[in-house]
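1. Starting from these lines, generate the structure:
(one chain, ligands or ions: 1)
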Amino acid sequence: MKTFPMFLQMAGRHVVIVGGGEQAAQKARLILKTEARLVLVAPELDAELAALVATKRAEQVATLSVDMMRGAALVFVATGCVGADYAAHTLAKAAGAVVNVVDRPALCDATTPSLVDRDPVIVAISTEGTAPVLARQIKSKVETMLEPNLGDLAALAGRLRPEVSRHIPQAVRRFFWDWVFNGPPRQAMARGALRDAARLIKAQIAEGTTGKIEGSIALVGAGPGAADLLTLRALRLLQEADIIYYDRLVDASVLELARRDAERVFVGKEVGACSWPQDRINAVIVAAARQGKKVVRLKSGDPGVFGRVSEELDCARAAGIPVEIVPGVTAASAAAASLGRGLTERGSTDRLMLATAACKPGDADPDWAQMLQPGTALAIYMGVAKAGAIIDSMQAAGIPLSLTADVVSQASTAREKRLRCRLADLPAALRDGQVENPAVILVSWPKTHIAMPSSNVAA
Ligand code: SAH
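-> Residues are numbered from 1 along each chain as shown. As a prediction, this is how the structure comes out:
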């Protein structure tokens, strides 16, 4: 190591920044996160820095002196002028300060790392200047691993530390903290329920024992296919999961993001039928969670959209297992994005309908006339195989078959296909265009519908 990482004590100290432009402002933003007093040395400050002085978050000094730098935690130099940078550096060294001259590595005693800030949890990344792009990549990865409010839990733990020392026997204290950061308190915090986390920890302290790490179930939206359409929360849960039960439509690239040693179980649900009956899925996810496992039930798109979540939620709740839903990008959103437009259009389609063509066996067919009216954008899921029947019933209901339909299959993936035609031509176009499942059909009925002149245009 050419450089050695240390965390500097900032409370009760001051930091000097020499310079009044954007580079000085960048350093000021960093230092403002700390408890240090900020001294700006420049005859003129840019608007951002001037505002800091006006709001008393920094003080301004017009000329530099050795005295002001004595005892400074750090001195940053960013004057934008070589001569002035060197002069400031010389004075700072005379004051015995640790100096960083922006963009002049030869004049730096210390460099600023890439930071992942979950104060008081701070991750500092350095490649010693060899690969800044790599440092940024590492930072992005770490950012996704740490929940946005992780710092709150760490701060809470810090506050409760004396209580824990008093009530939890030393021999098991490590397990207690493991329970806090791996168990229900961390899960509560990740859901944004810091109060629940605090309540759990305090109850456990009162009991004077370490808590048990329980299993949990997360019904996680895998999105439409593209792995980078996953939410950060989904990614984190995939990386923490002990076991993942996934559907047929979950893209392989999403599964690749799971922890290497997580068990993966394909439950192979098909549209309208499933190789694993729903009852069996419910039973196995609950059984795995009962063994203390972190279970991820990975479903395509948004789990709450035609994803039969209620059955799995009910089972988990009946078994007393903590269960959460992690929303995902639903197929209709991905399809509209692929078409380069919104799902709704202000003043034209002010209502959005998500409908499935595959209802419960025995249920009446969907009432398309009731769903598709002027001013509506309709997204039909699981409709490709039934397109003929859908169009027949739309026609019978008096829906103009001159409306435009867009079909997007495998939206967001490299295999994506798009097709555009008049409603009247949809069944034939689907046959000719070889659009395969999974696909969504989007039909908009603008308030002022204008019939499409040509009958069948492949997009
Ligand atoms: N929960 C999912 C929907 C599950 S139902 C979601 O929110 O997207 C399965 C249907 O979703 C498929 O038949 C198809 O209509 C649609 N679908 C899922 N993934 C899709 C994709 N990548 N492109 C287009 N349609 C998709």
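2. what pLDDT does the residue in the stretch 151-300 of the chain positioned nearest to the ligand get?
-> Taking CB to the nearest ligand atom as the measure, the stretch 151-300 of the chain has residue 224 as its residue closest to the ligand, at 3.7 Å. C-betas here are computed from N, CA, C, even on glycine. Predicted confidence (pLDDT) for residue 224: 97.
3. what's the answer for residue 274, then?
-> pLDDT at residue 274 comes out at 51.
4. Give me the neighbour count for the nearest residue to residue 446 once chain neighbours are set aside.
-> Of all residues not flanking residue 446 in the chain, residue 348 sits nearest, at 4.3 Å (CB to CB, 6 or more residues apart in numbering). Residues near residue 348, counting by other CB atoms under 10 Å, number 15.
5. Please report how far residue 348 lies from the ligand.
-> Going from residue 348 to the ligand by CB to the nearest ligand atom, to the nearest Å gives 23 Å.
6. Make 147 the first number, not 1, from now on.
-> I'll keep to 147 as the first residue from here, and by that count the last item is residue 494.
7. any idea which helix or strand carries the residue lying closest to residue 446 once chain neighbours are set aside?
-> Spatial nearest neighbour of residue 446, excluding adjacent residues (CB to CB, 6+ apart): residue 395 at 3.6 Å. Residue 395 is part of no helix or strand, with elements assigned from DSSP states H and E.
8. give me phi/psi at the residue of the stretch 347-496 of the chain found nearest the ligand?
-> Going by CB to the nearest ligand atom, the ligand is nearest to residue 447 of the stretch 347-496 of the chain, at 1.9 Å. In terms of degrees, to the nearest 10, the main-chain angles of residue 447 are phi 60, psi -130.
9. where does the stretch 297-446 of the chain dip in pLDDT?
-> 415-420 (pLDDT under 70).
10. State the distance from residue 569 to residue 590.
-> 11 Å (CB to CB, to the nearest Å).
11. joint contacts of these two?
-> 549, 550 (CB atoms under 8 Å, 6 or more residues apart in numbering).
12. Would you mind listing what in this structure touches the ligand?
-> For the chain, the residues in contact with the ligand (CB under 6 Å from any ligand atom) are 370-371, 395, 417, 445-448, 451-453, 476-477, 480-481, 527-528, 554-558, 583-586.
13. Return a selection command, for use in ChimeraX, containing the buried ones of these.
-> Typed into ChimeraX, the next command selects the buried ones out of the residues of the chain next to the ligand (criterion: 16 or more other CB atoms under 10 Å):
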select :370,371,395,417,445,446,447,448,451,452,453,476,477,480,481,527,528,554,555,556,557,558,584,585,586
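14. Might you report the residue contacts of the residue nearest to residue 592?
-> 521, 590, 592, 593, 594.
15. Which stretches in the stretch 347-496 of the chain count as strands?
-> Here the stretch 347-496 of the chain has its strands, by DSSP state E, counting those that start in this stretch, at 362-367, 389-392, 409-412, 415-416, 419-420, 440-445, 469-472.
16. just to revisit the earlier point, isn't the residue of the stretch 297-446 of the chain closest to the ligand up against residue 476?
-> Yes - in this structure residue 370 lies within contact range of residue 476 using CB atoms under 8 Å: 7.4 Å.
17. Find the residues that touch each one of those two.
-> residue 447.
18. any idea how far the residue nearest to residue 592 lies from residue 488?
-> 10 Å.
19. Give me the pLDDT value at residue 249.
-> In this prediction, residue 249 carries a pLDDT score of 92.
20. One more: residue 600?
-> What the model reports for residue 600 is a pLDDT of 43.
21. same check, this time on residue 464
-> So, for residue 464, pLDDT stands at 89.
22. so who does it touch?
-> Going by CB under 8 Å, 6+ apart, the list of residues near residue 464 is empty.
23. is it true that residue 314 touches residue 354?
-> Yes - at 6.4 Å, residue 314 counts as touching residue 354 under the criterion of CB under 8 Å.
24. Comparing the two, which shows the higher neighbour count?
-> Neighbour count, other CB under 10 Å: between residue 314 and residue 354, residue 314 has more, with 20 against 12.
25. how close does that one get to residue 302?
-> Residue 314 sits 15 Å away from residue 302, going by CB to CB.
26. what's the answer for residue 473, then?
-> Taken as CB to CB, the span from residue 473 to residue 302 is 26 Å.
27. what's the answer for residue 163, then?
-> Counting by CB to CB, the separation of residue 163 from residue 302 is 33 Å.
28. Please enumerate residues in contact with stretch 302-309?
-> Contacts for stretch 302-309 (CB under 8 Å, 6+ apart): 266, 323, 326, 327, 340, 343, 344, 347, 348, 351.
29. Can you select the buried ones from those residues in PyMOL?
-> In PyMOL syntax, the buried subset of the contacts of stretch 302-309 is picked out as below (16+ other CB under 10 Å):
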select buried, resi 323+326+340+343+344+347+351
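30. Identify the residue spatially nearest to residue 581, adjacent ones excluded.
-> residue 555 (4.6 Å).
31. Backbone dihedrals for the one you found, please?
-> Per degrees, to the nearest 10, the backbone of residue 555 is at phi -110, psi 150.
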